[in-house]
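Visitor: Here you go, sequence then predicted model.
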Amino acid sequence: MTFPADQADRIVRRSTAHLLWIIGRKGRFIYAHRPDNPSAVIEGYNMLRHCGTLWFMLRAITERRIAITDAQARALSDATGYAGAKMERPAWIADPTLALVTKGAIKTGGVGLSLMMLLAWRDLAALRDVPAPALPAPLDDTIAALVAYGLHQIDGDDVHHKRRLDTGEITPFRSDYYTGELLLGLICAGAPASATGPLTAALMARDYGVDIQSHWMAYAACEAIERGHVDAATGEAYLARLVTGMATDTTYRLRRASTPIACRTEALTRILMLADRRGPACTLSPQILATARHEAVTNLSLQLEWYRNGQFLKSDDDDRVQIDYIQHNGTAYLNWLALPAQEGLAAAQH
């Protein structure tokens with residue numbers, strides 16, 4: 001059971017092209033619109049999704065070697081700078097820190113996604129000349145300051161999810177996503193294992209994220225295993241429970257919405273990527289890996305029902321196209337292509 005590599009590659013390329021098309025002059029996306037009609041704008045904006053969308057785009061351009069024009073490179077720089085303009089230093093932390101700020105508040109998940117965006121920008125800049133984005137500090141210093149803020153949010157076996165910029169007050173708000181997003185960003189940005197390892201291990205020990213089938217925790221756990229931040233066997237046992245949960249409870253498909261399906265596909269494909277990278281050292285059983293592959297291929301085929309010309313619709317009942325719908329669905333196909341058998345096929349066919 002498989003999904004055609006050439007089809008996945010076309011989807012990634014067309015999705016990236018559509019997102020490039022809807023970056024405005026100042027780097028702000030057309031956040032949502034009707035299918036094939038970006039002029040039919042649907043109001044709203046979310047900076048976390050802005051950063052996550054750029055992470056997908058920059059990854060896709062780098063990993064698939066997508067050719068971009070100078071104007072498109074400038075648009076990507078502007079979009080990255082649009083996020084940079086919303087990064088501020090909290091006065092209540094003595095160390096040099098930065099955080100993504102929206103409406104006077106700092107959402108911890110936004111720090112993680114800002115890091116993933118900037119790390120992907122750095123990867124692209126290593127491959128080709130691109131105009132540097134406007135950031136509050138040089139790129140590496142901005143990344144370091146975001147990491148410093150994120151580390152300050154770790155509180156034992158938990159993290160603070162949202163704070164006021166002016167006072168540092170911790171709000172009661174909690175998100176299912178922020179912990180995994182922050183951990184992913186910190187680990188990928190090189191935060192010390194002494195800080196991220198115990199937190200990740202504690203979260204896995206209590207099966208944090210398994211009940212909601214969290215793709216962000218799958219990403220974070222895979223990175224923690226690969227980089228030696230947690231015991232590999234313990235981490236892979238956690239991932240096995242995550243895969244089992246996704247295969248056992250498939251009610252998310254009954255919602256008939258593209259993004260909940262895509263997020264599970266992201267998790268499943270990332271776990272398959274982990275197994276490939278670790279090779280014989282991986283302790284995930286053949287049965288778990290076969291299950292992950294089966295569920296991923298089932299989802300990749302199902303996601304096509306909401307795909308239109310580089311766009312993904314919300315659901316059967318809503319034809320809204322939104323940047324994060326494209327991000328999550330596109331990333332699912334991009335992750336699939338990162339698996340070696342698919343990569344070879346796509347390279348031969350493109």
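Guide: In hand now; what should we look at?
Visitor: Is Thr283 part of a helix or strand, or is it coil?
Guide: coil (DSSP: H, G, I helix; E, B strand; the rest coil).
Visitor: Just the pLDDT at it, thanks.
Guide: For Thr283, the model assigns a pLDDT of 98.
Visitor: same deal with Ala346?
Guide: On the pLDDT scale, Ala346 is placed at 48.
Visitor: for Arg25, same thing?
Guide: 88.
Visitor: Look up phi and psi at it.
Guide: Arg25 has phi and psi values of phi -60, psi -30 when expressed as degrees, to the nearest 10.
Visitor: Just give me the neighbour total for it.
Guide: Using other C-beta atoms under 10 Å, Arg25 has 7 other residues around it. Where you see a C-beta, it was placed from the backbone N, CA and C, and this is true even at glycine.
Visitor: so who does it touch?
Guide: Asp78 (C-beta atoms under 8 Å, 6 or more residues apart in numbering).
Visitor: Can you tell me how far it is from Ala75?
Guide: According to C-beta to C-beta, to the nearest Å, Arg25 stands 9 Å off from Ala75.
Visitor: In this protein, where is pLDDT below threshold?
Guide: Low-confidence segments of the chain, defined by pLDDT under 70: 342-350.
Visitor: Which residue lies nearest the spatial centre of it?
Guide: The centroid of the chain falls nearest to Gly52 when counting by C-alpha atoms, centre = their mean (5.4 Å).
Visitor: Kindly provide the distance from that residue to Trp21.
Guide: For Gly52, the distance to Trp21 equals 18 Å [C-beta to C-beta].
Visitor: Check Tyr333 too.
Guide: 19 Å.
Visitor: which one of those two has more residues nearby?
Guide: Neighbour tally, Tyr333 and Trp21, criterion other C-beta under 10 Å: the higher count belongs to Tyr333, 29 against 12.
Visitor: So which residues of the chain form strands?
Guide: Remark: strands assigned in the chain by DSSP state E are 32-34, 37-41, 87-88, 99-102, 105-107, 154-155, 158-159, 162-164, 307-308, 311-315, 318-322.
Visitor: can I get those strands in a markdown table with mean neighbour count and distance to Ala218?
Guide: Listed next are the strands of the chain as a markdown table, based on neighbours: other C-beta atoms under 10 Å; distance: least, C-beta to C-beta, whole Å:
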| stretch | mean neighbour count | distance to Ala218 |
| --- | --- | --- |
| strand 32-34 | 19 | 26 |
| strand 37-41 | 12 | 32 |
| strand 87-88 | 19 | 27 |
| strand 99-102 | 22 | 23 |
| strand 105-107 | 23 | 21 |
| strand 154-155 | 15 | 20 |
| strand 158-159 | 19 | 17 |
| strand 162-164 | 19 | 23 |
| strand 307-308 | 16 | 23 |
| strand 311-315 | 21 | 20 |
| strand 318-322 | 18 | 22 |
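Visitor: That's all I had, so thanks and see you.
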